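Student: quick one, what's the 3D model for this:
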Amino acid sequence: MTTITTSTMGATRKAIAALLFLGAAAVAAAEVPQMPAFSGPITEGGEMYPGLRPEAPGTTAADFGYVTDEYFVSGTANSQPYKTRILVRRPVPAERFSGMVVAESMHSNGFAVTFEPARKYFFMRGHVHVEIAAQQSNVNTTLKGFNPVRYASLSIPSGAQTSEIIAQVGLLIKSNLSNGPLAPLSARRLFMEGTSQASAVLRTYQQQKHFQSRLPDGSSIMDGYLATSTLGSAPMMIVDVPTVHMPTMTEVNSGAPTGAAFRRADSDDPANRYRLYEVAGMAHANSRETPTYVPNPCTLPVSDFPWGGMAAMGLDHLIAWADHGVVPPHAARLEFDNDTTNDGSRLTLDATGNVKGGVRNTYVDVRWRRMACRMQARRPPRSSTARSPVGACHWRRSRCAICTRTRGATSARSTSD
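Tutor: Down below sits the predicted model:
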């Protein structure tokens, strides 16, 4: 049974009240960001860094009639010049465009980790995806490491520039310039998504720029936020646009000892539109089609749970809420009992061994297997110094960021990626 203490609820209410006060104060002092310069599409300098891991045939952007264009964007952020790149993934012909643009900061691992598993949803709906290399390591490590010639001119001198870069790119997209990166398309709505480390980028952007940087008419640059596999115990910030928050079994399990303090009540208040979706069977990282987990670094099979499909579900509700006013449904929270004697997790399990509560789906309700997250990595030979891929199990740990789908016991522990 899930237990939230009175002290935890009180602390959460105080935090929410503080966020509302700070947001109102920030709006009063809001400024329009600088419009960045841009050039592109970039075609010279050798191979472009794709921003995605190898994709299965039939699932690429080109297979669905999408093109991917690269642009260089430059300006001044936090009083220092910067130059970085964005990728625009858009449908052709232009008539297929839905009017929806979803921006995502490149994860520190070098990939668009929300778009990657959910990309078919974008392709089938006609949404545009804009990937922003907004972090210092995205440029210095990932892009320049991949092609130092093509990306020689790029530079983000300080990690403190990330939120301002995102705000400037957002202004560029929402301005619908006749020669802009989206032309001839015209964005009607702009959303921001982020998973794991990139969800921390999203949350930092909310804190630093959501109210402080606005469009010329005073409205928000971002029309909504999707935060998945979120880190830490802090609730999502209250903002004046819809937020869909999707912590996974991993986060609920790790947050159970303190009552899952990141939770807050759903709200339809125009100044606080919020939904919390905790999906039964969904763990921190996608392993359904990620080459990181081939070969399998763990002793049990990795999950084929449709992580991308669940993230797409959250995004679809977010878009409908912001664009058409369609109020999304409420969902039960995952249950936890802090009883680690069952399978090693703190989650409350049903008779089959799957977690109770949360957003239900056939992967946990068709009872022939169990969804799990607690995994033991294969131990390499004593002479080996090799480490498992980021997000998978390391042999010295009994934790993993992905689910297993086995006939054995289950849990939801994680390393952070």
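
Student: any idea what the closest residue to Ser39 other than its chain neighbours is bridged to?
Tutor: Once flanking residues are discounted, Ser39 sits nearest to Phe72: 5.0 Å by C-beta to C-beta, 6 or more residues apart in numbering. The way it works is simple: take the backbone N, C-alpha and C, and place the C-beta from them, glycine included. With DSSP bridges applied, Phe72 shows beta-bridge pairing to Ser39, Arg85.

Student: which parts of the stretch 101-250 of the chain are strands?
Tutor: 128-132, 189-195, 225-228, 243-246 (DSSP state E, counting those that start in this stretch).

Student: need the winner for burial among those.
Tutor: Highest mean neighbour count of those: strand 225-228, a mean of 28 (counted as mean count of other C-beta atoms under 10 Å).

Student: show me what that strand is packed up against.
Tutor: The elements that strand 225-228 packs onto, with contact taken as 3 or more C-beta pairs under 8 Å, 6 or more residues apart in numbering; DSSP states H and E, are strand 189-195, helix 197-205, strand 243-246, helix 307-324.

Student: what sits up against that strand?
Tutor: The contact list for strand 225-228, computed with C-beta atoms under 8 Å, 6 or more residues apart in numbering, reads 102, 114, 191-196, 199, 202-203, 206, 236, 239, 241-248, 311, 314-315, 318.

Student: circling back to that earlier point, is it possible to get JSON lines of the strands of the stretch 101-250 of the chain that adds distance to Arg89 and mean pLDDT?
Tutor: Below are those laid out as JSON lines (distance: least, C-beta to C-beta, whole Å; pLDDT from 0 to 100):
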{"stretch": "strand 128-132", "distance to Arg89": "4", "mean pLDDT": "98"}
{"stretch": "strand 189-195", "distance to Arg89": "13", "mean pLDDT": "97"}
{"stretch": "strand 225-228", "distance to Arg89": "17", "mean pLDDT": "97"}
{"stretch": "strand 243-246", "distance to Arg89": "21", "mean pLDDT": "98"}
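
Student: CSV for those, including distance to Met282?
Tutor: Listed next are those as CSV, based on distance: least, C-beta to C-beta, whole Å:
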stretch, distance to Met282
strand 128-132, 21
strand 189-195, 11
strand 225-228, 9
strand 243-246, 8
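
Student: so for Glu289, which of these sits nearest?
Tutor: Each of the strands of the stretch 101-250 of the chain has some distance to Glu289 by C-beta to C-beta; the shortest is strand 189-195, at 15.0 Å.

Student: okay, now the sheet partners of the closest one, with direction.
Tutor: When DSSP bridges is applied, strand 189-195 pairs with strand 100-105 (parallel), strand 225-228 (parallel).

Student: got those as JSON lines, with distance to Leu177 columns?
Tutor: As requested, those are exported to JSON lines (distance: least, C-beta to C-beta, whole Å):
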{"stretch": "strand 100-105", "distance to Leu177": "14"}
{"stretch": "strand 225-228", "distance to Leu177": "24"}
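
Student: looking at those, spot the one closest to Asp365.
Tutor: When those are compared by C-beta to C-beta, strand 225-228 sits nearest Asp365, at 21.5 Å.

Student: doesn't Tyr49 lie inside a helix?
Tutor: No. With DSSP: H, G, I helix; E, B strand; the rest coil as the criterion, Tyr49 is coil rather than part of a helix.

Student: measure Tyr225 to Ser105 for me?
Tutor: 12 Å (C-beta to C-beta, to the nearest Å).

Student: output the below-cut-off pLDDT ranges for the protein.
Tutor: Within the chain, the stretches with pLDDT under 70 are 1-28, 367-417.

Student: picking that back up, mind checking which of the strands of the stretch 101-250 of the chain is nearest Ser219?
Tutor: Ranking these by proximity to Ser219 (C-beta to C-beta) places strand 189-195 first, at 10.8 Å.

Student: before we move on, the earlier item: tell me which of the strands of the stretch 101-250 of the chain lies nearest to Arg346.
Tutor: Per C-beta to C-beta, nearest to Arg346 of these: strand 243-246, 19.0 Å.

Student: what are the contacting residues of the closest one?
Tutor: Counting by C-beta under 8 Å, 6+ apart, 224-230, 236, 262, 273-279, 282, 310-311, 314-315, 317-318, 321, 328 sit against strand 243-246.

Student: closest to Val32 out of the strands of the stretch 101-250 of the chain?
Tutor: Among the strands of the stretch 101-250 of the chain, strand 189-195 sits nearest to Val32 (C-beta to C-beta), with 15.1 Å.

Student: thinking again about what came up before, quick one: common contacting residues for Tyr225 and Ser105?
Tutor: Taking C-beta under 8 Å, 6+ apart as the criterion, Tyr225 and Ser105 both touch Leu202.

Student: and the helices in the stretch 251-400 of the chain?
Tutor: Applying DSSP state H, counting those that start in this stretch to the stretch 251-400 of the chain gives helices spanning 307-324, 362-365.

Student: among those helices, which is nearest Pro36?
Tutor: Nearest of these (C-beta to C-beta): helix 307-324, 24.4 Å.

Student: spit out the contact partners of Phe97.
Tutor: Contacts of Phe97 (C-beta under 8 Å, 6+ apart): Arg90, Pro91, Gly126, Val128, Leu185.

Student: I figured the fourth one was touching Arg96, is that so?
Tutor: If I follow you right, that is Val128. No. With contact defined as C-beta atoms under 8 Å, Val128 does not reach Arg96; the gap is 10.2 Å.
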